[in-house]
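In: my questions are about this predicted structure, shown below with the sequence.
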Amino acid sequence: GQQLNQSPQSMFIQEGEDVSMNCTSSSIFNTWLWYKQDPGEGPVLLIALYKAGELTSNGRLTAQFGITRKDSFLNISASIPSDVGIYFCAGQPQGAQKLVFGQGTRLTINP
Amino acid sequence: DGGITQSPKYLFRKEGQNVTLSCEQNLNHDAMYWYRQDPGQGLRLIYYSQIVNDFQKGDIAEGYSVSREKKESFPLTVTSAQKNPTAFYLCASSMGGLHTGELFFGEGSRLTVL
């Protein structure tokens, strides 16, 4: 099946630092989404992107839908302890009714 | 409050036993999904349903079965045919259509087969 390459797999940063992660695909996606999962919980939607080139913010989070429709990035500014968790990108391929998920980026923050 | 509820949160079973995981939503969503998550892995789609009385296999449907008799409910049965059933199972729902990708997840059910 289709796959998304999400990187990095893990990040260890200091509180207050900015974070950047991205996802790439070999095929075109109509929708890109970013989710966050806390330990032992279900993922929660952070940002949904529907147009190529779209740049959307949600508080300290900013995500972009790549112009080629094959990639997306998520930035977190001025990280805080509650940002710890696993971040997943997900995409809806052209003509498909189901999502494809990336492998996740595990974010750890040192206070 | 509207939401999606999975039960049980933790479940232990012996090898060879069938297990049914419950998923209920009161969001009036048409579409419902079951995902499997293994440690350090992403989410893999087991089954999904876009409308009552209809469902489709996902990427890893072998050894699993589902039903969608009511809009609110989408139970998942892990059968004895599933070779490695120990995992974290996540149910999700969405409005479907243009908002198909905007999933609302339950809190998950962790199944351990002894």
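Out: Happy to help now that I have it. Predicted, not measured: the structure shown is a model, and the values here were computed from it. Numbering: from 1, shown residues only, chains lettered A, B, ... in the order given.
In: which ones are touching the closest residue to chain B within chain A?
Out: With CB to the nearest CB as the measure, A:Gly42 is the residue of chain A nearest to chain B, at 3.0 Å. In short, each C-beta sits where N, CA and C put it, glycine included. A:Gly42 makes contact with B:Leu90, B:Ala92, B:Phe105, B:Gly106, B:Glu107, B:Gly108, according to CB atoms under 8 Å, 6 or more residues apart in numbering or on different chains.
In: excluding its backbone neighbours, what's nearest it?
Out: B:Phe105 (3.0 Å; CB to CB, 6 or more residues apart in numbering or on different chains).
In: can you name the residues bridging to that neighbour?
Out: Taking DSSP bridges as the rule, B:Phe105 bridges to B:Ala92.
In: that one - how many residues pack around it?
Out: 22 (other CB atoms under 10 Å in any protein chain shown).
In: where's it relative to A:Leu46, distance?
Out: 13 Å (CB to CB, to the nearest Å).
In: sorry, back to before: could I get the phi/psi values of the residue of chain A closest to chain B?
Out: Backbone geometry at A:Gly42, expressed as degrees, to the nearest 10, gives phi -80, psi 160.
In: what's the answer for A:Ser82, then?
Out: Dihedral angles (degrees, to the nearest 10) for A:Ser82: phi -70, psi 0.
In: what pLDDT does the model give it?
Out: Reported pLDDT at A:Ser82 in the predicted model: 95.
In: which bits of chain A sit near chain B?
Out: Residues of chain A that fall close to chain B, judged by CB under 8 Å from any CB of the partner chain: A:1, A:6, A:31, A:33, A:35, A:40-45, A:48, A:50, A:88, A:90-92, A:97-99, A:101-104.
In: hang on, the earlier thing: of all the contacts of A:Gly42, which two lie farthest apart?
Out: Pairwise distances across these (CB to CB) peak at 11.3 Å, for the pair B:Ala92 and B:Glu107.
In: about what we covered before: just the buried ones among the contacts of A:Gly42, please.
Out: B:Leu90, B:Ala92, B:Phe105, B:Gly106, B:Gly108 (16 or more other CB atoms under 10 Å in any protein chain shown).
In: pLDDT wise, what is the last one at?
Out: At B:Gly108 the predicted local distance difference test score is 96.
In: beta partners of the residue sitting nearest the centre point of chain B?
Out: The residue lying closest to the centre of chain B (CA atoms, centre = their mean) is B:Trp34, at 2.8 Å. Beta-bridge pairing of B:Trp34 under DSSP bridges involves B:Tyr47, B:Cys91.
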